[in-house]
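Novice: I would like to see how this sequence folds:
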Amino acid sequence: MYRNPESTQAWLIGSGIASLAAAVHLIKDAKVPASNIHILGAHAATGGGIKTCGNAEDGYVIYAGCLPYFLDGCVEELVSHIPSLKAPGKSILDSMKDFERNEIPQSQKSAMTHILKRGDQGPEKVDACHLHVGYQQRMELIKIMLEPESALGGRRIQEFFDVNFFGSNFWTLWST
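Specialist: Next up is the predicted model:
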């Protein structure tokens with residue numbers, strides 16, 4: 001069945017990355033005009049479940065349970081199709097790369113993001129420089145990565161590591 005894209009009205013529920021991706025593909029692939037795409041969200045701000053806050057001077061806070069990371073080829077391809085409002089003729093990806101290349105002082109390039117996890121007394125900063133993974137745990141990680149999936153069988157990850165591993169900063173970052 002063919003639908004005329006000019007008369008199609010698309011209603012997307014939620015203002016997170018999934019709706020952004022759907023809107024981009026509706027515009028790019030289905031040729032639906034952007035003015036015919038409506039995004040409904042329950043929150044006052046966009047972003048869905050991905051909550052961040054902060055600024056370029058003090059750094060940003062990303063809650064570890066709310067990631068995906070935006071270093072993925074699919075996300076990069078997605079934002080390459082979104083036009084930049086501030087730089088006509090460029091995509092948001094171009095603007096992000098320009099900002100990264102030209103605007104961030106070299107001294108801050110490695111210290112711009114803070115990742116939080118739920119701690120006993122409330123939110124705690126995750127020290128991404130010290131992942132607290134011991135030698136034995138590192139060896140187990142390497143063993144698992146080198147094993148074919150068939151050799152691992154139906155074993156659960158808890159069978160490979162002790163309880164300390166699951167309390168490490170590495171596990172907090174890797175599991176989200």
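Novice: what's whichever strand or helix holds residue 38 packed up against?
Specialist: Taking DSSP states H and E as the criterion, residue 38 maps to strand 37-40. When contacts are defined as 3 or more CB pairs under 8 Å, 6 or more residues apart in numbering; DSSP states H and E, strand 37-40 packs onto strand 10-13, helix 17-28. From N, CA and C alone the C-beta is placed, and that goes for glycine too.
Novice: could you tell me the least trusted of those?
Specialist: Of all the helices and strands packed on strand 37-40, helix 17-28 carries the lowest average pLDDT, namely a mean of 88.
Novice: could I get the buried residue list for that one?
Specialist: 17, 19, 20, 21, 22, 23, 24, 26, 27 (16 or more other CB atoms under 10 Å).
Novice: quick check: the closest residue to the last one other than its chain neighbours vs residue 173, distance?
Specialist: Read it as residue 27. Once flanking residues are discounted, residue 27 sits nearest to residue 34: 5.6 Å by CB to CB, 6 or more residues apart in numbering. Counting by CB to CB, to the nearest Å, the gap from residue 34 to residue 173 is 36 Å.
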